[in-house]
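Asks: predicted model and sequence follow; I will ask about them next.
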Amino acid sequence: MMKALYFNGTSLALQEKTIPKTEAGQSLIKVALAGICRTDLEIFKGYMSFEGVPGHEFVGVVQESSDSSLLGRRVVGEINAGCGRCNYCKAGLERHCQRRAVLGIAGLNGAFAEYLVLPTANLCVVPESVSDENAVFVEPIAAAAEILEQVHVIPASDVLIIGDGRLAYLIFLILRLTGANITVASKHENKKTLFEKIGATVFSSSHILSVKDKFDFVVEASGSPSGWDLAVSSVRPRGVIVLKSTYHGTLEFNASTLVINEITTVGSRCGKFRPALNLLSRGLINPTVLISESFKLDDYSAAFEKASDGKTFKVVFRM
Ligand SMILES: [Zn+2]
Ligand SMILES: [Zn+2]
């Protein structure tokens, strides 16, 4: 038996469940650390109508596997499990498979449990040099690095990151590697300091338009519709908005501005795990400072309260 958090569509409870069984091509992983992400908090509000064990950011150790060389190895896992047959899957784009299941988000029990099952093909071995505390960030780092797979940021680019949460922080660490000139628009004084510690130029969201010229690239990662409004008004004509936020509900805005100023808008979601692991193992980024607190599964109420208090960066479960 194992402990697992289970969301039934309305509420979350700690349950005793049987350890999941693996099928051909799958692995059983004993979770070591699992991170709480904003998506999890959205799920509790009804996002994706998910029912099951939430949690998609984890690092763990392989217990059973279709690939015996992985037994006992420390791994992270890509969260999208594709059908394996469609054109997206064949092109290595399982994350766009129309029949995909997503760990802890759609059709697949996730990481807020002592054990989880994933297709073996989704697993990436974590190098010795990468701690559990860093490896648990691979999924959001991959999502942040996805931006560079989509748009061409160069050292001469002026970039604005809207948002001051954990994803915005990781996006800053990644985009900084390009040498671009980056400004962060923050709403919370206490979060501002963490950005300033890593040398970021931070302005309050309400002041940014009065102190800075317009930007070549604006990355909207605030999670709030007001962030979108700021993105539209702070991007230069012919500039690019990278949209990282998934808003709860619908967005209302005057689309004419996008037409008149010929703005390109790029939606950006999940990225590749291996490049993200490489960035960590080469010491190019270090996100451990983001972990505010760790909790046991039993204390899940306190953990989620902490994760949604607006002041905290990352909360993790330590199994
Ligand atoms: Zn996430
Ligand atoms: Zn597919």
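Replies: Noted; the coordinates are in hand. Predicted model, so just to flag it, every value in this text is computed and none were measured. Ligands and ions are numbered 1, 2, ... in the order given.
Asks: now do the strands in the stretch 201-319 of the chain.
Replies: Chain-ordered strands for the stretch 201-319 of the chain, with DSSP state E, counting those that start in this stretch as the definition, fall at 201-204, 215-220, 235-243, 264-267, 291-295, 314-318.
Asks: mean confidence score for the fourth one?
Replies: Taken as a whole, strand 264-267 has a mean pLDDT of 98.
Asks: contact residues of the chain facing ligand 1?
Replies: 37, 39 (CB under 5 Å from the ion). Any C-beta I mention is one placed from the backbone N, CA and C, and that applies to glycine too.
Asks: pick out the residue of the chain closest to ligand 1.
Replies: Here the chain gets closest to ligand 1 at one residue, residue 37, 3.0 Å apart by CB to the ion.
Asks: contacting residues around the residue of the stretch 1-150 of the chain found nearest ligand 2?
Replies: Each residue of the stretch 1-150 of the chain has a distance to ligand 2, by CB to the ion, and the smallest belongs to residue 97, at 3.0 Å. For residue 97, the residues meeting the contact criterion (CB atoms under 8 Å, 6 or more residues apart in numbering) are 80, 82-83, 86, 88-89.
Asks: ok, residue 263 next?
Replies: For residue 263, the set of contacting residues under the criterion of CB under 8 Å, 6+ apart consists of 232, 235, 237-241, 257.
Asks: one more pass at 7 Å, please.
Replies: Applying CB atoms under 7 Å, 6 or more residues apart in numbering to residue 263 gives the contacts 235, 239, 241.
Asks: picking that back up, the residue of the chain closest to ligand 1 and residue 55 touch, don't they?
Replies: No - at 8.5 Å, residue 37 and residue 55 do not qualify as touching, with contact defined as CB atoms under 7 Å.
Asks: wait, what's in contact with the residue of the chain closest to ligand 1?
Replies: 56-57, 140.
Asks: could I get the pLDDT score of residue 223?
Replies: The predicted local distance difference test score for residue 223 is 89.
Asks: what about it, how many neighbours?
Replies: Neighbourhood size, residue 223 [other CB atoms under 10 Å]: 20.
Asks: for the nearest residue to it once chain neighbours are set aside, grab the count of nearby residues.
Replies: Excluding its sequence neighbours, the residue lying closest to residue 223 (CB to CB, 6 or more residues apart in numbering) is residue 245, at 4.7 Å. The number of residues packed around residue 245, counting by other CB under 10 Å, is 22.
Asks: any buried residues in the longest helix along the chain, and which?
Replies: With secondary structure taken from DSSP state H, the chain has its longest helix at helix 138-150. Residues of helix 138-150 classed as buried: 138-147 (neighbour count, 16 or more other CB atoms under 10 Å).
Asks: other SSEs contacting that helix?
Replies: In terms of contacts (3 or more CB pairs under 7 Å, 6 or more residues apart in numbering; DSSP states H and E), helix 138-150 is packed against helix 166-176, helix 273-281.
Asks: tell me which residues are up against the longest one.
Replies: Just to be clear, that refers to helix 166-176. Contact partners of helix 166-176, identified using CB under 7 Å, 6+ apart, comprise 137, 140-141, 143-145, 147-148, 153, 159, 161, 182, 184, 194-195, 200, 219, 221, 244, 285, 287, 290, 313-314.
Asks: put the alpha carbons of that helix into PDB.
Replies: C-alpha atoms of helix 166-176 as PDB (Å, rounded to 0.1, in the frame of the first residue of the first chain):
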ATOM      1  CA  ARG A 166       8.700  30.600  -9.600                       C
ATOM      2  CA  LEU A 167       8.200  30.300 -13.400                       C
ATOM      3  CA  ALA A 168       9.100  33.900 -14.000                       C
ATOM      4  CA  TYR A 169      12.300  33.300 -12.000                       C
ATOM      5  CA  LEU A 170      13.300  30.300 -14.000                       C
ATOM      6  CA  ILE A 171      12.500  32.100 -17.200                       C
ATOM      7  CA  PHE A 172      14.800  34.900 -16.000                       C
ATOM      8  CA  LEU A 173      17.600  32.400 -15.300                       C
ATOM      9  CA  ILE A 174      17.200  30.800 -18.800                       C
ATOM     10  CA  LEU A 175      16.900  34.000 -20.900                       C
ATOM     11  CA  ARG A 176      19.800  35.600 -19.000                       C
END
